[in-house]
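Chemist: model this:
(one chain, ligands or ions: 3)
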Amino acid sequence: MQKRTTTFVTLPIAALAAASIGIVLASLVIGAREADAIALSRQRETIEHAIDQHGLSLARELRIQTVWTEAYNKTREHDTSWIRSFYGIYLSQILGYDRIYVLASDDTPVFGFVPSDQSASSSFASIGGGLKDLLKAVRVPQSMPADYNVVVTDVPLGNGSMLQHRAVADVRSIRGRPATVVVSTIVPDRGYRSDVTEPPMLLVAVEDIDKEFTRRLGANFGFRDLQWVTHETPAGDASNVVKSLDGAPVGTLAWRKDRPGLEFIRRVAPGLGISLILIAALTYILILWGKWQAKQILQSEEHATLAARTDALTGLPNRVALREAFARLLDGIQGDKSTLGVLSIDIDQFKSINDAFGNAVGDGVLIAVARRLQSLVGAGGIVARPDGDSFVMLVPGLDDKAAAELATDALTALAEPFDLDGGTRVFATVSVGYAIGPRDGDTGDELLRRAELAVEKAKEEAGETVVAFAPEMDAEVTYRRMLEMALRSAVAEGSINVFYQPLMDASGRRVLGVEALARWTDPTLGPISPEIFIPLAEETGLIQNIGEHVLRRAVEDGKAWPGINVAVNVSASQIHHGDVVGVVRDVLGDSQFPAERLEIEITESVLLADEKRANEQMRGLQALGVKVALDDFGTGYSGLQYLRRFGFDKLKIDRSFIDGAGEPLDSSVILASIIKLGQDLDLTITAEGVETVEQQRWLQTSGCDQLQGYLFSRPLPADQMTAFIAAHTAKDAIAS
Ligand code: C2E
Ligand code: CA
Ligand code: CA
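Modeler: Numbers count the residues shown, from 1 in each chain. Ligands and ions are numbered 1, 2, ... in the order given. The predicted structure is shown next:
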């Protein structure tokens, strides 16, 4: 994936850079070629123009020799020696012509002069045929095309008549060699008196242009190695086929091709090269940077994904990661006969470790637990910390037996003390619950929930145990939820009832007081024991409502029983999370029930949780004039010191002690000492759960003040209690 992403970044950049460089180079080459082509066509034009101009200048140059009365006369007279001197020798030696001919009016040569070849005086015959058009051009210029460019000069003769002098020049191949040929009429100049009627004589001057002219042309216009070539144009050279006016090729001029474009490239090449290298380097750097960036992004993404799935404290997978692991592992066992063991491990009373040693030590314990659990699972297994003080192990292929073994191993491993930094030694125990997938559930959520149900069960069994999930646990939870809903509506409807159980004097004949006991009968579930719904109410907070409801009902009913005390139970959570003193004050105020006839029963557990607050609340109640009784005495840890430390008015000995009352066993010894202690502390002593006459007698002789139990009466509705009281008033009691 990383590779793909970096390629994704690299390719377009590299392609873009290559394309840009390609475009730059191509433009340069195309531009250079274009420049070269333009330069070449300019050079060709230049050559043609130069040749034309050269011809014209020769034609003009020869005017001095041909507009001349003496020459006119001498040529007409065919004065060969004059012609030789003034045309032949002069023109060849002074002006450098190579051939000179004089033609008569009918174009027949009357004189020929070739300096190197004296015998060539008659050679005009061999070249004259190719010059016919030029001869015609000077004789009848209007019959020729305009490009013949005849130089016409008007010559006034002085007698009023005008003569035209005409000259034409062109480049021709003379015996295979390129040459400029000038044909000029020979006319008299100013002051000539006789009339000119005959067609003029002509001067034909030929100048080879393959040497000197070519050299000068090259020098003047910057053609390098300009030369006439006969056959092939040398490689790398440019050439131009020079043609005469009549269209015949005269020869080919070749020169070293001028390549300004190439030159340009050569000049810019170093700079361009450097900049291309720079661009390439820059591109490379850009690609590297892009790759690095892409990698960074990927890494930070990976890091973020990992962080979102890791528990920061222990480095274990967290709840999110656990869910993903579940999906993966459950997928792996699908169709297979394989299993997935799900172990939920909870540290017992982790809060008290935190409270006792501080959070840093608590964290240390969690980290150490994580390490020990990790060392227990094999390669395919996973240890996660979904939250707080609970850990989860997922181990594929675990059956019931193996899961129980692993759970026991975990118990043993974690039972070893934790020696933390700073020398703190902490002992911790854990509870383990487990479920086996897919038997106990086919989704991760379900398996985890069921393993957690099992661990809750393990905790209920006082910790450090292993419990396997059982389907009943689910049913229990379902039942509990349903019960909670039903209790909520019972509280809302006010359908919680109050029954009363009498507290008799030691003889069991006279009623001294009654204990209010909550009763709940659900329309569909039937009667539910307070042993079940009171703890549920405590957990769900409903106890505040129920408590106040029972209290109000009890004092209202109690008004009908003058002289009889009314005892009401108050739970620990009412003391710690509610305002019991305020509620009792309000209820007493509303009902006008005498405070001294009200007793509040609290259990030892109230004192254990928060001693200070329990003490305050107790004092608050006593300040209202209410009596406070310690209920279920002897069941908790308390021992006797609580009785001294807290100023209770009354002590209710738990029924588990009463069973042994009168029997010659340890329990009656303990019972006797409790009664003795209560007497010493000046407390009213009540014995609960008195079921037999023997028990009553023993308790009576042992010095108990009050007795409560089925022997006298079960808890009764208020009206029946009224009747019971009526039957057990002091007078009747004495009577019976
Ligand atoms: P408790 O306060 O110890 O109440 C006495 C319990 O002993 C009552 O059970 C009563 O029916 C039972 N009992 C009385 N005499 C005998 C006997 O001779 N033999 C036997 N085996 N049992 C006897 P009950 O009514 O089921 O109440 C159970 C507990 O529920 C109470 O124990 C009390 O802790 C709690 N409770 C009941 N009503 C309320 C209430 O309104 N508020 C609070 N906070 N707790 C309540
Ligand atoms: Ca009680
Ligand atoms: Ca009790």
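Chemist: Could you find the closest non-adjacent residue to the residue of the stretch 451-600 of the chain found nearest ligand 2?
Modeler: With Cβ to the ion, the shortest gap between the stretch 451-600 of the chain and ligand 2 falls at N569, namely 4.6 Å. For glycine as for every other residue, the C-beta is placed from the backbone atoms N, C-alpha and C. In space, not counting the residues next to it along the chain, N569 is nearest to E601; the distance is 4.8 Å by Cβ to Cβ, 6 or more residues apart in numbering.
Chemist: Quick one: neighbours of that neighbour, just the number.
Modeler: Other residues within reach of E601, judged by other Cβ atoms under 10 Å, total 19.
Chemist: so how far is ligand 1 from the residue sitting nearest the centre point of the chain?
Modeler: With distances taken as Cα atoms, centre = their mean, the residue of the chain nearest its centroid is E301 (5.5 Å). Distance from E301 to ligand 1, counting by Cβ to the nearest ligand atom, to the nearest Å: 57 Å.
Chemist: if I look at that residue, how far off is A18?
Modeler: Separation of E301 from A18 (Cβ to Cβ, to the nearest Å): 30 Å.
Chemist: same question, S431
Modeler: Here S431 is placed at a distance of 68 Å from A18 (Cβ to Cβ).
Chemist: Just want to know which of these two has more residues nearby.
Modeler: Using other Cβ under 10 Å as the criterion, S431 and A18 rank with S431 on top: 26 against 12.
Chemist: surely that one meets K459?
Modeler: Yes - with contact defined as Cβ atoms under 8 Å, S431 and K459 form a contacting pair (4.8 Å).
Chemist: Overlap of the contact sets of these two?
Modeler: Between them, S431 and K459 share these contacting residues under Cβ atoms under 8 Å, 6 or more residues apart in numbering: 346, 348.
Chemist: residues near S275, how many?
Modeler: 14.
Chemist: Can you classify it by secondary structure?
Modeler: Three-state call for S275 (DSSP: H, G, I helix; E, B strand; the rest coil): helix.
Chemist: Find the helix or strand that the residue sitting furthest away from the middle of the chain is a member of.
Modeler: The outermost residue of the chain, judged against the average C-alpha position, is S194 (112.8 Å), by Cα atoms, centre = their mean. Element membership for S194 (DSSP states H and E) is empty, with no helix or strand holding it.
Chemist: likewise S344?
Modeler: Here S344, judged by DSSP H and E, is contained in strand 340-347.
Chemist: Could you do Y434 as well?
Modeler: strand 430-437.
Chemist: Okay, now the sheet partners of that strand, with direction.
Modeler: Partner strands for strand 430-437, per DSSP bridges, with pairing direction: strand 340-347 (antiparallel), strand 466-468 (parallel).
Chemist: Out of these, the one nearest ligand 3 is which?
Modeler: The closest of the strands paired with strand 430-437 to ligand 3 is strand 466-468. By Cβ to the ion, the value is 30.5 Å.
Chemist: Okay, now the unreliable bits of the stretch 351-500 of the chain?
Modeler: Low-confidence segments of the stretch 351-500 of the chain (pLDDT under 70): none present.
Chemist: in it, which spans are strands?
Modeler: The residue ranges that make up the strands of the stretch 351-500 of the chain, judged by DSSP state E, counting those that start in this stretch, are 382-387, 390-396, 418-419, 425-426, 430-437, 466-468, 497-505.
Chemist: I'd like those strands as TSV, with distance to ligand 1 appended.
Modeler: Shown next, in TSV, are the strands of the stretch 351-500 of the chain (distance: least, Cβ to the nearest ligand atom, whole Å):
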stretch	distance to ligand 1
strand 382-387	32
strand 390-396	31
strand 418-419	39
strand 425-426	36
strand 430-437	27
strand 466-468	27
strand 497-505	6
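Chemist: Including distance to ligand 2, could those strands go into TSV?
Modeler: What follows is these, written out as TSV (distance: least, Cβ to the ion, whole Å):
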stretch	distance to ligand 2
strand 382-387	38
strand 390-396	36
strand 418-419	42
strand 425-426	39
strand 430-437	31
strand 466-468	32
strand 497-505	9
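Chemist: of all the ones you listed, which gets the most neighbours per residue?
Modeler: For those, average neighbour numbers computed from mean count of other Cβ atoms under 10 Å are highest in strand 430-437, which has a mean of 27.
Chemist: Tell me who's in contact with I534.
Modeler: Contacts of I534 were listed using Cβ under 8 Å, 6+ apart, and they are 518, 543, 546, 571.
Chemist: Could you export these as JSON lines, including secondary structure, neighbour count and distance to P156?
Modeler: As requested, the contacts of I534 are exported to JSON lines (DSSP: H, G, I helix; E, B strand; the rest coil; neighbours: other Cβ atoms under 10 Å; distance: Cβ to Cβ, whole Å):
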{"residue": "A518", "secondary structure": "strand", "neighbour count": "22", "distance to P156": "157"}
{"residue": "I543", "secondary structure": "helix", "neighbour count": "24", "distance to P156": "149"}
{"residue": "I546", "secondary structure": "helix", "neighbour count": "22", "distance to P156": "152"}
{"residue": "S571", "secondary structure": "coil", "neighbour count": "22", "distance to P156": "153"}
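Chemist: can those residues go into JSON lines with extra columns for pLDDT and distance to L608?
Modeler: Written out in JSON lines, the entries for these read as follows (pLDDT from 0 to 100; distance: Cβ to Cβ, whole Å):
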{"residue": "A518", "pLDDT": "98", "distance to L608": "23"}
{"residue": "I543", "pLDDT": "96", "distance to L608": "17"}
{"residue": "I546", "pLDDT": "97", "distance to L608": "22"}
{"residue": "S571", "pLDDT": "94", "distance to L608": "13"}
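Chemist: Would you check which of the residues you listed are in contact with ligand 2?
Modeler: Taking Cβ under 5 Å from the ion, there is no overlap between these and the neighbourhood of ligand 2.
Chemist: of all these, which comes closest to L621?
Modeler: When the contacts of I534 are ranked by distance to L621 (Cβ to Cβ), S571 comes first, at 14.3 Å.
Chemist: what's the distance between that closest one and G541?
Modeler: The gap separating S571 from G541 is 11 Å, by Cβ to Cβ.
Chemist: Next, the distance between the ends of stretch 505-517.
Modeler: One end of stretch 505-517 sits 20 Å from the other (Cα to Cα, to the nearest Å).
Chemist: what residues go with each domain of the chain?
Modeler: In the domain annotation for the chain, the residue ranges read 2-37+279-308, 62-209, 319-469, 480-735 (automatic domain parsing).
Chemist: and the last one, does that touch ligand 3?
Modeler: Yes - against ligand 3, domain 480-735 shows contacts by Cβ under 5 Å from the ion at 631-632, 688.
Chemist: By neighbours, which of those residues wins?
Modeler: Note: the member of the residues of domain 480-735 next to ligand 3 with the most neighbours is D631, at 24 neighbours, neighbours being other Cβ under 10 Å.
Chemist: contacting residues around that residue?
Modeler: Taking Cβ under 8 Å, 6+ apart, we find D631 in contact with 569, 601-603, 652.
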